[in-house]
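Chemist: return atomic coordinates for the entry below.
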Amino acid sequence: MAAYTDENVAISGDVFRLFSPTEWRKYVYKEVLVESSDKKQHKGWVQTIDPVSKSIVLVGSQCKENIPVQVVVGHAIKSITILSEVEEHLLEDHRLWLDRLFTKSTLQPEYSSQDLLNRKLELKSWLERNRVPVQVSGDDGELLSISDALFIQPPYEAENCISTNEIILGRVQALINSKPGNSDQT
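Modeler: Residues are numbered from 1 along each chain as shown. This is a model prediction of the structure:
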């Protein structure tokens, strides 16, 4: 693991709660120290940040057999500091490890890089045909973004949509589910 290069600056909870989802994404998959209003310190890897409650899901070290998971509720965050991030060549494995902790691994198929690229391009094409303003975004071009109001993560299914706007979220998920060849259709 490499130390975070931005001087490990602590951000106050008030400022953190005002961040946009794009700014919160900078904290995902990084090791942080969160100080809560009850003066406790919570250390772990950020798996996700809930955009509505501003709560952070922290995961402990992957070296342990029983991996601790904590949720620090948004209103109780006094400050947050990025401690370290994963070295670039280990980042994808780290992301997969964190994401697999919260998925139904027996029901979720494994996708190759090429499969994910094909799924992303097919969904982007489908959304464009339905006149949805979609762009490729994210640090590695892994996300589909709709007007910065909704993001779709791999493997590009309806449940991989992230948005604070429930109306947009519901409509885009319904559109994804109506895509021809979608396995989620009923």
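Chemist: helices of this structure, start to end?
Modeler: Per DSSP state H, the chain carries helices over the ranges 13-18, 21-24, 91-100, 113-129, 166-177.
Chemist: do you know which of these lies nearest Ala149?
Modeler: For Ala149, the closest of these is helix 166-177, at 5.3 Å, according to C-beta to C-beta. C-betas here are computed from N, CA, C, even on glycine.
Chemist: list the buried ones in that closest one?
Modeler: Ile168, Leu169, Val172, Gln173, Ile176 (16 or more other C-beta atoms under 10 Å).
Chemist: where do the strands sit along the chain?
Modeler: 2-3, 10-12, 30-36, 41-49, 56-59, 69-72, 77-85, 134-137, 143-146, 150-152, 161-163 (DSSP state E).
Chemist: how far is stretch 87-102 from where the chain is centred?
Modeler: 12 Å (C-alpha atoms, centre = their mean, to the nearest Å).
Chemist: heads up, I number from 18, so please use that
Modeler: Sure, I'll start counting at 18 from here, so that last one is stretch 104-119.
Chemist: in that stretch, what's buried?
Modeler: His111, Arg112, Trp114, Leu115.
Chemist: stretch 29-44 too?
Modeler: Gly30, Phe33, Phe36, Trp41, Arg42, Tyr44.
Chemist: now stretch 151-166
Modeler: For stretch 151-166, burial by neighbour count (16+ other C-beta under 10 Å) applies to Val151, Ser154, Glu159, Leu160, Leu161, Ser162, Ile163.
Chemist: of the residues you listed, closest to Glu48?
Modeler: Glu159 (20.7 Å).
Chemist: okay, the buried residues of stretch 104-119 in JSON lines with pLDDT and distance to Gln131 next?
Modeler: Conversion of the buried residues of stretch 104-119 to JSON lines gives the following (pLDDT from 0 to 100; distance: C-beta to C-beta, whole Å):
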{"residue": "His111", "pLDDT": "79", "distance to Gln131": "21"}
{"residue": "Arg112", "pLDDT": "78", "distance to Gln131": "18"}
{"residue": "Trp114", "pLDDT": "78", "distance to Gln131": "22"}
{"residue": "Leu115", "pLDDT": "80", "distance to Gln131": "23"}
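Chemist: that concludes my questions; thank you for your assistance.
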